[in-house]
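Q: give me a 3D structure for the following:
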Amino acid sequence: MPTGPALPSTPEPLRLGAFADPVLVDPGPRLLRAVVAGYREAAPALVEPSVADLSGGAGDTGADDPDPSEIPTLKVLAGESAVDDATAGFRSASRLAALVDADAVELRVLDAPQPNPVLAGEETGFALIGSERAGAAAEPGGWYPVGDDASLRERYGSRFAEAEPYGLRTPSRRRVYEGIAARCDESVAAAVLRALDVTDGAGDTGDDAGDTVDSAGDTPGGSGDASADGPDPEAARVRAYAVGAREGVLDRTLRRACEDAGLGSPSTFTRIKRLLRAADLIETVAEPQPVGRPRERLAPRGALAAAETPEETVAAVRDVTE
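A: Numbering: from 1, shown residues only. The predicted structure is shown next:
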């Protein structure tokens, strides 16, 4: 797969499709981000589908994307702290979640740090030395492969088989869209994604936010730069529920939709509802039913009612916390 996902390295990019059953061991946050970026470059509509991609039809990964069966699967054995750092916000975490959902990445927990990251296939394997340690031989922000040891695959393959799967707390964009669209409608799902795309930095929602790499190979602001990565899980829940209130969705329907979308349980969104009511940003309107208790329809108040854009919606709920 000549145009498949690759890692930046010297003397040339390491294309994952060139390895048979590859395993990546102990990637730091920067290397893990580079893996996701490589897949995103090869299959953008799979890793980070736009609203247009998603509204074009469920399961459509984009006309220009490779067939999912052609995308190489990478086994990743990573430390929990590295994964947490690399998935600090919704945008970065949802990209990795999309790869896990598509079986392009199998993510498991490494029990102990290794001397260096390792990338190994059935026929070859080597350590990956970051450019800051490899000297002038490697380009800034890349990695330098060291060694050629086919036994690495067997050694780490057995450890991978015994390791526990890593449970990502953040869903993919596709799951968010489809979960909310099924319970509410596509316009609500699209509005939720647009709110989740708003960054807290310069106020832009550009597709490249958070992907710039500086001369040291790190993203500006460090791995915890949630302004570029998108909202943290709590802020993402607040944004999603606020959008549902802006759209006048039934309270119970919205809580179930957010559960289907993988954003949290109905009880979690009962708490989010309480927070937004305490901030005087939402209210409920009772709708009598022929039989049974009235249903509660959400309605925005104050700054949330006045918000007309995703950025204004996010600004209205930015300070909503416990």
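
Q: now do the strands in the protein.
A: Under the criterion DSSP state E, the chain carries strands at the ranges 6-7, 14-15, 23-25, 74-78, 105-109, 118-120, 125-130, 143-146, 282-287, 295-300.

Q: now mean neighbour count and mean pLDDT too, for those, in a markdown table please.
A: Quick note: C-beta positions are derived from backbone N, CA and C, even for glycine. Rendered in a markdown table, the data for these read as follows (neighbours: other C-beta atoms under 10 Å; pLDDT from 0 to 100):
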| stretch | mean neighbour count | mean pLDDT |
| --- | --- | --- |
| strand 6-7 | 21 | 90 |
| strand 14-15 | 19 | 90 |
| strand 23-25 | 24 | 97 |
| strand 74-78 | 23 | 97 |
| strand 105-109 | 19 | 97 |
| strand 118-120 | 26 | 96 |
| strand 125-130 | 21 | 91 |
| strand 143-146 | 20 | 90 |
| strand 282-287 | 15 | 94 |
| strand 295-300 | 18 | 95 |
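
Q: quick one: closest of these to Ala182.
A: Across those, Ala182 has its closest neighbour in strand 295-300 (18.3 Å, C-beta to C-beta).

Q: that closest one: how far from the chain's middle?
A: Shown here is strand 295-300, whose average C-alpha point lies 30 Å from the average C-alpha point of the whole chain (C-alpha atoms, centre = their mean, to the nearest Å).

Q: what's the answer for stretch 160-173, then?
A: Relative to the mean C-alpha coordinate of its chain, stretch 160-173 is positioned 12 Å out (C-alpha atoms, centre = their mean).

Q: what stretches of the protein score poorly on pLDDT?
A: Counting by pLDDT under 70, the low-confidence segments of the chain come to 1-3, 57-64, 66-69, 131-141, 201-227, 322.

Q: how is it carved up into domains?
A: Following automatic domain parsing, one gets these domains for the chain: 18-162, 173-317.

Q: can you redo the ones you listed as TSV with distance to Glu12?
A: Compiled in TSV, those are given as follows (distance: least, C-beta to C-beta, whole Å):
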stretch	distance to Glu12
domain 18-162	10
domain 173-317	17
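
Q: between the ones you listed, which one is nearest to Thr10?
A: With respect to Thr10, and counting by C-beta to C-beta, the nearest of these is domain 18-162 at 4.2 Å.

Q: which stretches of the stretch 1-150 of the chain form helices?
A: Residue ranges of the helices in the stretch 1-150 of the chain, as given by DSSP state H, counting those that start in this stretch, are 29-42, 44-47, 51-55, 80-86, 90-101, 131-134.

Q: output the contacting helices and strands for the fourth one.
A: Taking 3 or more C-beta pairs under 8 Å, 6 or more residues apart in numbering; DSSP states H and E as contact, the helices and strands that helix 80-86 lies on are helix 29-42, helix 90-101.

Q: cutoff 6 Å now
A: Counting contacts by 3 or more C-beta pairs under 6 Å, 6 or more residues apart in numbering; DSSP states H and E, helix 80-86 packs against helix 29-42.

Q: list the contacts of Ser94.
A: 170, 172-173 (C-beta atoms under 6 Å, 6 or more residues apart in numbering).

Q: give me that answer again for 8 Å
A: 48, 170-173, 176, 230 (C-beta atoms under 8 Å, 6 or more residues apart in numbering).

Q: out of these, who's nearest Arg295?
A: Distances from Arg295 to the contacts of Ser94, taken as C-beta to C-beta, are shortest for Val176 (24.0 Å).

Q: mind checking how far the closest residue to that closest one other than its chain neighbours is from Pro72?
A: With C-beta to C-beta, 6 or more residues apart in numbering as the measure, Ala261 is the residue that lies nearest to Val176, at 4.5 Å, once sequence neighbours are left out. Applying C-beta to C-beta, to the nearest Å, the value for Ala261 to Pro72 is 28 Å.

Q: of the two, which one has the most company?
A: Taking Ala261 and Pro72 together and counting by other C-beta atoms under 10 Å, Ala261 has the greater number of neighbours (24 against 20).

Q: tell me how many other residues crowd the nearest residue to Ala98 once chain neighbours are set aside.
A: Leaving aside its sequence neighbours, Ala98 sits nearest to Ser172 (C-beta to C-beta, 6+ apart; 3.9 Å). For Ser172, the tally of surrounding residues (other C-beta under 10 Å) stands at 25.

Q: what does Val51 give?
A: The local packing count at Val51 equals 17, with neighbours defined by other C-beta under 10 Å.
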